[in-house]
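S.K.: Structure of the sequence below:
(4 chains)
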Number of protein chains: 2
Amino acid sequence: MTEHIAPANTWAASLRSAGRRVTKQRLAVLAAVEQFPHSTADDVVTAVRAELADITVQSIYVVLSDLTVSGLLRRIETPNSPARYETRVNDNHHHAVCTGCGRIEDVDCAVGHAPCLTPAWSPGSRQMTIQIADVVYQGVCTDCRESSAENSPVLPELTEKH
Amino acid sequence: MTEHIAPANTWAASLRSAGRRVTKQRLAVLAAVEQFPHSTADDVVTAVRAELADITVQSIYVVLSDLTVSGLLRRIETPNSPARYETRVNDNHHHAVCTGCGRIEDVDCAVGHAPCLTPAWSPGSRQMTIQIADVVYQGVCTDCRESSAENSPVLPELTEKH
DNA sequence: CATCTATTGTGAGTAATTCATAATAAGCCG
DNA sequence: CGGCTTATTATGAATTACTCACAATAGATG
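M.R.: Next comes the predicted model:
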């Protein structure tokens, strides 16, 4: 059988150049996260099991963690939610989460390419050499705003801050 | 015995104006978080037990959660760490955490009073009405930078990103 | 001071994640 | 190609951080 160049070869190459072995578990996890960005570990388990029915939750955690330190995945932490993963790495983008429905959108910060990397230190604090700025916006998406106009407001205490 | 105006009365007044009862547990928690900003729930348990030896972990969680929704405490989530609490609220400041020693410093974002509230939406994403922008900087403080120059670097994989 | 109800204590339970160790399979070498 | 070495995955248990239901207690109001 002659091999055909499948899109999955991109991930295989990435794994190899990161010095890791190419396994079907890793390829399946990468494909799942690519297809469903901002997936939780549980989401990934569900998606991967369509292909590898017997994979365990623990293995998914190991693979996700390993791919994250290898730089193939980015792990993000949003409030009141387990960790999420995405394949969009190395571009310093941020995230907005809707307090109503939990929807997560990607955001490129308005302040240039490496946003907010020049913090204003509070008096008395000791400066650091900043490498990463993770920004999590919280707001209400248009869908939730419309529905909350009629029904009871979602998380009302948030609307009066800032 | 005549009552003297103690600093704790400030917290009592804050509790009352928030419509909550003034209890010794809440006062002790507020004092602990004020003394040790960025405390975890476990830190607070330790600090409060110096005064209230028999308070339970669960009560600390209840009090912290209640004070947070009351607006007297702010809860922050930093990577690879349980939630932390601080008494500095309503001033939209952010945090920098040292990837070496875990030190946390307060940061006033450089971009005006309400920083980064105008995100640049990625193509295809749906906009939201932004209410909060939580920024977590990660970097290396001067202490850790010096010591890592001689010893083995801490978290080396982080130093080559961005 | 008595009553009402917010608050705290008690005990159990859960979600998310990690750890130790055994089994397996990638990639290398001849 | 077939064995060897070691990275990777599976297995099972444990841990951390936190939540919940309900009973006991104690602020605040009149």
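S.K.: CA atoms of the top strand by length along chain A as PDB?
M.R.: What stands out as the longest strand in chain A, according to DSSP state E, is strand A:128-141. Output of strand A:128-141 as PDB, limited to C-alpha atoms (Å, rounded to 0.1, in the frame of the first residue of the first chain):
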ATOM      1  CA  MET A 128       9.700  41.000  37.100                       C
ATOM      2  CA  THR A 129      10.800  40.200  33.500                       C
ATOM      3  CA  ILE A 130       7.500  39.500  31.900                       C
ATOM      4  CA  GLN A 131       7.200  36.600  29.400                       C
ATOM      5  CA  ILE A 132       3.500  36.000  29.100                       C
ATOM      6  CA  ALA A 133       0.400  38.000  29.600                       C
ATOM      7  CA  ASP A 134      -2.800  35.900  29.800                       C
ATOM      8  CA  VAL A 135      -5.900  38.000  29.600                       C
ATOM      9  CA  VAL A 136      -9.400  36.600  30.300                       C
ATOM     10  CA  TYR A 137     -12.200  38.900  29.400                       C
ATOM     11  CA  GLN A 138     -15.600  38.300  31.000                       C
ATOM     12  CA  GLY A 139     -18.700  39.700  29.400                       C
ATOM     13  CA  VAL A 140     -22.100  38.900  27.900                       C
ATOM     14  CA  CYS A 141     -22.500  37.800  24.300                       C
END
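S.K.: Does it reach chain B?
M.R.: Yes: using C-beta under 8 Å from any C-beta of the partner chain, strand A:128-141 reaches chain B at A:128-141. To be clear about C-beta, it is placed using only N, CA and C from the backbone, and glycine gets the same treatment.
S.K.: Of these, which is the nearest to A:Val107?
M.R.: Closest approach between these and A:Val107, by C-beta to C-beta: A:Tyr137, at 6.3 Å.
S.K.: quick one, phi psi at A:Arg75?
M.R.: phi -100, psi 130 (degrees, to the nearest 10).
S.K.: Distance-wise, check it relative to B:His93.
M.R.: 25 Å (C-beta to C-beta, to the nearest Å).
S.K.: Repeat that for A:Ala50.
M.R.: Following C-beta to C-beta, the distance that separates A:Ala50 from B:His93 is 45 Å.
S.K.: Out of those two, name the residue with the larger neighbour count.
M.R.: Higher neighbour count among A:Ala50 and B:His93: B:His93, with 18 against 9, using other C-beta atoms under 10 Å in any protein chain shown.
S.K.: what residues does chain A put near DNA strand C?
M.R.: A:15-16, A:21-24, A:40-42, A:57-58, A:61, A:65, A:82-83 (C-beta under 7 Å from any atom of the strand).
S.K.: Tell me where chain A has strands.
M.R.: Counting by DSSP E, the strands of chain A are A:39-40, A:74-76, A:84-86, A:94-98, A:104-108, A:120-121, A:128-141.
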